[in-house]
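Visitor: 3D model of this:
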Amino acid sequence: MIDEEKLKINRAKQTLISSERDQKIKNEIDARLKDIHDDLDFNLPVTSETMNKSVDLPSAQRLTKRLHALDGFKSVDILKHLSKRNDFNQLVAEEYVKLFNFQGDTLDRALRKFVKQFTIIGEAQARERILHFFAARYLDCNPTTFTSVDSCHMLTCAIMLLNTDLHDRKITNKMTFQQFSDNLHELNDGNDFSKDLLKSLFNAINDEQLISET
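Guide: Numbering: from 1, shown residues only. The predicted model follows:
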């Protein structure tokens, strides 16, 4: 009888520890989304409109093709080249995303194509910078889907965080659709994203993990 009571107490402790750990992770995810939103105006990637015109475009395009073909590079090296905040590497990132055709793709399908090509690991801000280029390219291919690149970028980052929450084995209390939706409240250029859009994205990520996500 005493052993049964001890077992119940131990199970209760384990449940409490698991819940506290899950809540901590969810708080970190929520805080990261807010940080991304706050950083948008101050930490955007350089684009061809703002960068130094003396940057060597042919050299950037040659490096882009080698990166995309993994010619002399490993998949884990690509993010380092695309996320550096100098004019040359930012031009490489801009040219790199042009090699992808996302026309007619849902956002999750386009993201799967993108992260399948290389290993998107490393510092959070580096990942978010290259995802901004992804968002810009997605909007180029599907101009009527989002009101701005920032809006698409915010939702893309949210999908990556959702993927971690739903498929990380260490997280036992998985994010619900309502939590996913609440985290994105008014982050669509001050408005809410369509519930239908969020539901379809949530279900897609829940059903199938993103490839090459850490």
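Visitor: So which residues of this protein form helices?
Guide: Secondary structure of the chain by DSSP state H: the helices cover 2-39, 57-69, 75-83, 87-97, 107-117, 124-141, 149-167, 177-183, 195-207.
Visitor: so where's the chain shaky on pLDDT?
Guide: Applying pLDDT under 70 to the chain flags the ranges 1-54, 122, 211-214.
Visitor: how about 50 then?
Guide: Scanning the chain for pLDDT under 50 picks out 41-44, 46, 49-52, 212-214.
Visitor: Tell me, how many residues neighbour Thr144?
Guide: Thr144 has 6 neighbours, counted by other Cβ atoms under 10 Å. To be clear about C-beta, it is placed using only N, CA and C from the backbone, and glycine gets the same treatment.
Visitor: what do you get for Met160?
Guide: Met160: 22 neighbours (other Cβ under 10 Å).
Visitor: correct me, but it touches Leu210?
Guide: Yes: using Cβ atoms under 8 Å, Met160 is in contact with Leu210, at 7.3 Å.
Visitor: joint contacts of the two?
Guide: Leu111 (Cβ atoms under 8 Å, 6 or more residues apart in numbering).
Visitor: coming back round to it: of the helices of the chain, which is nearest Asp189?
Guide: helix 149-167 (5.0 Å; Cβ to Cβ).
Visitor: what sits against Phe180?
Guide: 158, 162, 198, 202.
Visitor: and it, how far is that from Thr144?
Guide: Relative to Thr144, Phe180 is positioned 24 Å away (Cβ to Cβ, to the nearest Å).
Visitor: next one: Ser200
Guide: Distance from Ser200 to Thr144, counting by Cβ to Cβ: 17 Å.
Visitor: re the thing from before, narrow the contacts of Phe180 to those that are buried.
Guide: Listed as buried from these are 158, 162, 198, 202; burial here means 16 or more other Cβ atoms under 10 Å.
Visitor: Let me know the closest of these to Leu187.
Guide: Using Cβ to Cβ, the buried ones among the contacts of Phe180 come closest to Leu187 at Ala158, 7.8 Å.
Visitor: For the nearest residue to Glu186 once chain neighbours are set aside, which residues are in contact?
Guide: Excluding the flanking residues, the one nearest Glu186 by Cβ to Cβ, 6 or more residues apart in numbering is Asp192, at 6.2 Å. Residues near Asp192 by Cβ under 8 Å, 6+ apart: 184-186.
Visitor: ends of stretch 163-182, how far apart?
Guide: Its first and final residues considered, stretch 163-182 spans 16 Å by Cα to Cα, to the nearest Å.
Visitor: residues of it that come out buried?
Guide: Residues of stretch 163-182 classed as buried by neighbour count (16+ other Cβ under 10 Å): 163-166, 171, 175, 180-181.
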